[in-house]
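# The following comprises the amino acid sequence and a computationally predicted model.
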Amino acid sequence: MRTSATLLRLRNLLSAIAIVLPWVIICPAAGHNQCHSFGLVGEPYSYCVADCDRNGSIEVSELVYAVGIATLGEGLATCGAADSDLDGQVSINELVQGVGSALRGCELPEPHLNHELSLRVTRGCAECNNVQLRIATLARVLCRDYRLSTAVRIEQPSIVVVLGCVIPSKNGCVQGPDPHTAEVGLDLPDGAYNLEFHSRTAVDRYLLRVDGGEPSLEEVEASFTEME
Ligand SMILES: [Ca+2]
Ligand SMILES: [Ca+2]
(Lines give C-alpha, C1' and ligand atoms only; values in the text may rest on other atoms or scores of the structure.)
(Ligands and ions follow the chains in the order given, each with its own letter.)
Protein backbone atom coordinates (compact mmCIF):
# COMPACT_ATOMS: atom_id res chain seq x y z
CA MET A 1 0.00 0.00 0.00
CA ARG A 2 2.80 2.37 0.96
CA THR A 3 4.67 1.58 -2.26
CA SER A 4 1.63 2.32 -4.42
CA ALA A 5 1.04 5.62 -2.59
CA THR A 6 4.66 6.58 -3.17
CA LEU A 7 4.38 5.71 -6.84
CA LEU A 8 1.20 7.76 -7.12
CA ARG A 9 2.91 10.74 -5.48
CA LEU A 10 5.90 10.35 -7.82
CA ARG A 11 3.62 10.16 -10.85
CA ASN A 12 1.79 13.32 -9.77
CA LEU A 13 5.05 15.12 -9.14
CA LEU A 14 6.33 14.14 -12.58
CA SER A 15 3.13 15.51 -14.07
CA ALA A 16 3.71 18.84 -12.33
CA ILE A 17 7.33 18.87 -13.54
CA ALA A 18 6.10 18.26 -17.07
CA ILE A 19 4.04 21.45 -16.80
CA VAL A 20 7.03 23.49 -15.67
CA LEU A 21 9.86 21.79 -17.58
CA PRO A 22 9.55 23.81 -20.80
CA TRP A 23 10.10 26.95 -18.71
CA VAL A 24 13.05 25.36 -16.88
CA ILE A 25 14.89 25.02 -20.16
CA ILE A 26 14.73 28.72 -20.96
CA CYS A 27 14.99 30.04 -17.41
CA PRO A 28 18.28 30.70 -15.61
CA ALA A 29 18.85 29.04 -12.25
CA ALA A 30 18.00 30.91 -9.06
CA GLY A 31 20.78 33.11 -7.68
CA HIS A 32 22.69 32.37 -4.53
CA ASN A 33 21.22 33.67 -1.35
CA GLN A 34 24.14 35.69 -0.03
CA CYS A 35 23.84 39.15 1.39
CA HIS A 36 26.35 41.79 0.47
CA SER A 37 28.53 43.02 3.30
CA PHE A 38 27.03 46.47 3.80
CA GLY A 39 23.49 46.77 5.04
CA LEU A 40 22.85 43.12 4.27
CA VAL A 41 21.26 44.06 0.96
CA GLY A 42 21.07 40.96 -1.17
CA GLU A 43 18.89 38.35 -2.74
CA PRO A 44 15.65 36.95 -1.34
CA TYR A 45 15.45 33.52 0.20
CA SER A 46 14.37 30.89 -2.25
CA TYR A 47 13.44 28.70 0.71
CA CYS A 48 10.65 26.21 0.04
CA VAL A 49 9.07 28.29 -2.72
CA ALA A 50 5.41 27.28 -3.26
CA ASP A 51 5.14 25.75 0.21
CA CYS A 52 1.74 27.39 0.68
CA ASP A 53 1.07 26.07 4.21
CA ARG A 54 4.74 26.60 5.19
CA ASN A 55 5.13 23.15 6.71
CA GLY A 56 8.53 22.60 5.10
CA SER A 57 7.50 20.29 2.26
CA ILE A 58 5.90 20.82 -1.14
CA GLU A 59 2.85 18.86 -2.17
CA VAL A 60 1.88 18.44 -5.81
CA SER A 61 -1.29 20.40 -5.12
CA GLU A 62 0.85 23.33 -3.95
CA LEU A 63 2.88 23.28 -7.17
CA VAL A 64 -0.28 23.15 -9.22
CA TYR A 65 -1.69 26.05 -7.20
CA ALA A 66 1.47 28.10 -7.84
CA VAL A 67 1.18 27.38 -11.57
CA GLY A 68 -2.43 28.60 -11.35
CA ILE A 69 -1.32 31.88 -9.74
CA ALA A 70 1.32 32.38 -12.42
CA THR A 71 -1.22 31.69 -15.14
CA LEU A 72 -4.27 33.54 -13.81
CA GLY A 73 -2.50 36.25 -11.80
CA GLU A 74 -4.65 35.75 -8.71
CA GLY A 75 -4.63 33.64 -5.54
CA LEU A 76 -1.33 34.91 -4.13
CA ALA A 77 -3.03 35.93 -0.88
CA THR A 78 -3.38 32.28 0.10
CA CYS A 79 0.09 31.22 -1.03
CA GLY A 80 2.57 34.00 -0.33
CA ALA A 81 5.38 31.44 -0.36
CA ALA A 82 5.01 31.20 -4.15
CA ASP A 83 6.38 34.74 -4.52
CA SER A 84 9.94 34.45 -3.23
CA ASP A 85 11.17 37.82 -4.55
CA LEU A 86 8.14 39.65 -3.13
CA ASP A 87 7.23 41.45 -6.35
CA GLY A 88 3.56 40.43 -6.14
CA GLN A 89 3.74 37.94 -8.99
CA VAL A 90 4.69 34.31 -9.49
CA SER A 91 7.34 34.07 -12.17
CA ILE A 92 8.58 31.12 -14.17
CA ASN A 93 11.80 31.23 -12.15
CA GLU A 94 9.80 30.89 -8.94
CA LEU A 95 7.94 27.87 -10.34
CA VAL A 96 11.31 26.34 -11.13
CA GLN A 97 12.43 27.03 -7.55
CA GLY A 98 9.25 25.34 -6.30
CA VAL A 99 9.93 22.21 -8.34
CA GLY A 100 13.51 22.20 -7.08
CA SER A 101 12.29 22.43 -3.48
CA ALA A 102 9.83 19.59 -4.06
CA LEU A 103 12.60 17.38 -5.42
CA ARG A 104 15.41 18.28 -3.02
CA GLY A 105 13.44 19.04 0.15
CA CYS A 106 13.57 22.20 2.23
CA GLU A 107 16.32 23.02 4.69
CA LEU A 108 15.89 26.22 6.67
CA PRO A 109 18.56 28.73 5.56
CA GLU A 110 21.02 30.54 7.79
CA PRO A 111 19.80 33.89 9.15
CA HIS A 112 21.55 36.99 7.78
CA LEU A 113 19.72 39.98 9.21
CA ASN A 114 20.97 41.67 12.38
CA HIS A 115 18.70 44.70 12.77
CA GLU A 116 16.45 45.85 15.60
CA LEU A 117 12.87 45.06 14.60
CA SER A 118 9.30 45.83 15.58
CA LEU A 119 6.57 43.19 15.38
CA ARG A 120 2.83 43.41 14.85
CA VAL A 121 0.22 40.71 14.43
CA THR A 122 -3.23 41.43 13.11
CA ARG A 123 -6.16 39.44 11.87
CA GLY A 124 -5.82 38.52 8.21
CA CYS A 125 -8.48 38.60 5.53
CA ALA A 126 -11.54 36.38 5.83
CA GLU A 127 -10.91 34.32 2.69
CA CYS A 128 -7.20 33.66 3.15
CA ASN A 129 -4.71 33.80 6.02
CA ASN A 130 -6.17 34.45 9.45
CA VAL A 131 -2.96 35.89 10.91
CA GLN A 132 -0.91 38.67 9.33
CA LEU A 133 2.57 39.19 10.77
CA ARG A 134 4.39 42.42 10.01
CA ILE A 135 8.11 42.74 10.73
CA ALA A 136 9.77 46.14 10.34
CA THR A 137 13.17 47.64 11.08
CA LEU A 138 13.21 50.34 13.73
CA ALA A 139 15.59 52.25 11.48
CA ARG A 140 13.95 54.24 8.68
CA VAL A 141 15.54 55.01 5.34
CA LEU A 142 14.91 57.98 3.08
CA CYS A 143 13.78 57.41 -0.48
CA ARG A 144 13.60 53.64 -0.23
CA ASP A 145 11.04 50.86 -0.40
CA TYR A 146 12.92 47.84 0.80
CA ARG A 147 11.59 44.45 1.90
CA LEU A 148 12.96 41.87 4.28
CA SER A 149 13.41 38.33 3.06
CA THR A 150 12.12 35.67 5.46
CA ALA A 151 11.93 31.90 5.59
CA VAL A 152 8.97 30.59 7.60
CA ARG A 153 8.39 27.04 8.80
CA ILE A 154 5.36 25.92 10.81
CA GLU A 155 5.82 22.78 12.88
CA GLN A 156 2.98 23.03 15.34
CA PRO A 157 3.16 24.26 17.99
CA SER A 158 6.32 26.06 16.77
CA ILE A 159 6.72 28.70 14.10
CA VAL A 160 10.24 29.66 13.05
CA VAL A 161 10.91 32.89 11.15
CA VAL A 162 14.46 33.11 9.76
CA LEU A 163 15.47 36.65 8.86
CA GLY A 164 17.34 37.02 5.58
CA CYS A 165 18.49 39.91 3.43
CA VAL A 166 17.14 43.35 2.66
CA ILE A 167 15.72 43.32 -0.87
CA PRO A 168 15.75 46.57 -2.88
CA SER A 169 12.43 47.54 -4.39
CA LYS A 170 11.94 47.32 -8.12
CA ASN A 171 9.77 50.43 -7.92
CA GLY A 172 12.70 52.79 -7.56
CA CYS A 173 12.60 55.70 -5.13
CA VAL A 174 9.37 56.11 -3.18
CA GLN A 175 8.42 58.42 -0.35
CA GLY A 176 10.28 57.94 2.87
CA PRO A 177 11.46 57.67 5.50
CA ASP A 178 10.37 54.05 5.56
CA PRO A 179 11.38 51.00 7.54
CA HIS A 180 12.37 47.80 5.77
CA THR A 181 9.38 45.48 6.15
CA ALA A 182 8.21 41.91 5.73
CA GLU A 183 4.56 40.85 5.60
CA VAL A 184 3.91 37.19 6.36
CA GLY A 185 0.45 35.64 6.08
CA LEU A 186 -0.18 32.57 8.21
CA ASP A 187 -3.17 30.26 8.12
CA LEU A 188 -3.31 28.85 11.65
CA PRO A 189 -5.87 26.81 13.58
CA ASP A 190 -6.86 28.26 16.94
CA GLY A 191 -4.26 27.62 19.61
CA ALA A 192 -1.02 28.83 21.18
CA TYR A 193 2.23 28.80 19.19
CA ASN A 194 5.88 29.24 20.10
CA LEU A 195 6.97 31.92 17.65
CA GLU A 196 10.73 32.29 17.11
CA PHE A 197 12.65 34.94 15.18
CA HIS A 198 16.16 33.92 14.15
CA SER A 199 18.64 36.71 13.43
CA ARG A 200 22.35 36.37 12.71
CA THR A 201 23.29 36.56 16.39
CA ALA A 202 20.20 35.79 18.49
CA VAL A 203 16.84 34.07 18.73
CA ASP A 204 13.82 35.94 20.14
CA ARG A 205 10.80 34.04 21.38
CA TYR A 206 7.11 34.96 21.71
CA LEU A 207 3.87 33.22 22.48
CA LEU A 208 1.34 33.73 19.68
CA ARG A 209 -2.30 33.11 20.53
CA VAL A 210 -4.95 32.56 17.87
CA ASP A 211 -8.55 32.17 19.02
CA GLY A 212 -10.73 33.36 16.18
CA GLY A 213 -10.52 37.01 17.20
CA GLU A 214 -7.58 39.35 17.04
CA PRO A 215 -4.36 37.33 17.43
CA SER A 216 -1.99 38.38 20.22
CA LEU A 217 1.73 38.24 21.03
CA GLU A 218 3.34 37.76 24.43
CA GLU A 219 7.07 38.25 24.85
CA VAL A 220 8.99 35.31 26.25
CA GLU A 221 12.59 36.26 25.47
CA ALA A 222 13.55 39.20 23.26
CA SER A 223 16.80 41.07 22.59
CA PHE A 224 16.41 42.58 19.10
CA THR A 225 12.62 42.66 18.61
CA GLU A 226 9.79 44.55 20.28
CA MET A 227 6.03 44.60 19.88
CA GLU A 228 4.40 47.68 18.35
CA1 LIG B 1 3.47 22.35 2.22
CA1 LIG C 1 7.72 36.96 -7.66
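Received it, and whenever you're ready, just let me know what you need. Ligands and ions are numbered 1, 2, ... in the order given.
# going forward, measure contacts and count neighbours with C-alpha atoms only.
OK.
# Can you give me the separation between G185 and ligand 1?
14 Å (Cα to the ion, to the nearest Å).
# Also V64?
12 Å.
# secondary structure element for that residue?
helix 60-72 (DSSP states H and E).
# buried ones in that helix?
Residues of helix 60-72 classed as buried: V60, E62, L63, V64, Y65, A66, V67, I69, A70 (neighbour count, 16 or more other Cα atoms under 10 Å).
# possible to save the residues you listed as CSV with pLDDT?
Output for the buried residues of helix 60-72, formatted as CSV (pLDDT from 0 to 100):
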residue, pLDDT
V60, 95
E62, 96
L63, 96
V64, 96
Y65, 95
A66, 96
V67, 96
I69, 95
A70, 95
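# which one of these is nearest ligand 1?
Nearest to ligand 1 among the buried residues of helix 60-72, counting by Cα to the ion, is E62 at 6.8 Å.
# residues contacting the closest one?
A50, D51, C52 (Cα atoms under 8 Å, 6 or more residues apart in numbering).
# my read: the second one touches S61, true?
No - counting by Cα atoms under 8 Å, no contact exists between D51 and S61, whose distance comes to 9.9 Å.
# Give the closest residue to T150 in space, chain neighbours not counted.
For T150, ignoring the flanking residues on the chain, the nearest one in space by Cα to Cα, 6 or more residues apart in numbering is L163 at 4.9 Å.
# Can you report how many residues neighbour G212?
Neighbours of G212 under the rule other Cα atoms under 10 Å: 13.
# starting at the chain centroid, how far to the helix holding V64?
How far helix 60-72 lies from its chain's middle: 16 Å, per Cα atoms, centre = their mean, to the nearest Å.
# That helix near ligand 2 anywhere?
No - Helix 60-72 stays clear of ligand 2 (Cα under 5 Å from the ion), getting no nearer than 9.2 Å.
# Beyond that helix, next helix or strand please.
Past helix 60-72, the next helix or strand by DSSP H and E is helix 92-104.
# Packing partners of that next one?
helix 2-26, helix 60-72 (3 or more Cα pairs under 8 Å, 6 or more residues apart in numbering; DSSP states H and E).
# quick revisit: same list (the contacts of E62) but as TSV, adding pLDDT, neighbour count and distance to T201.
As requested, the contacts of E62 are exported to TSV (pLDDT from 0 to 100; neighbours: other Cα atoms under 10 Å; distance: Cα to Cα, whole Å):
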residue	pLDDT	neighbour count	distance to T201
A50	96	34	28
D51	96	26	27
C52	95	26	28
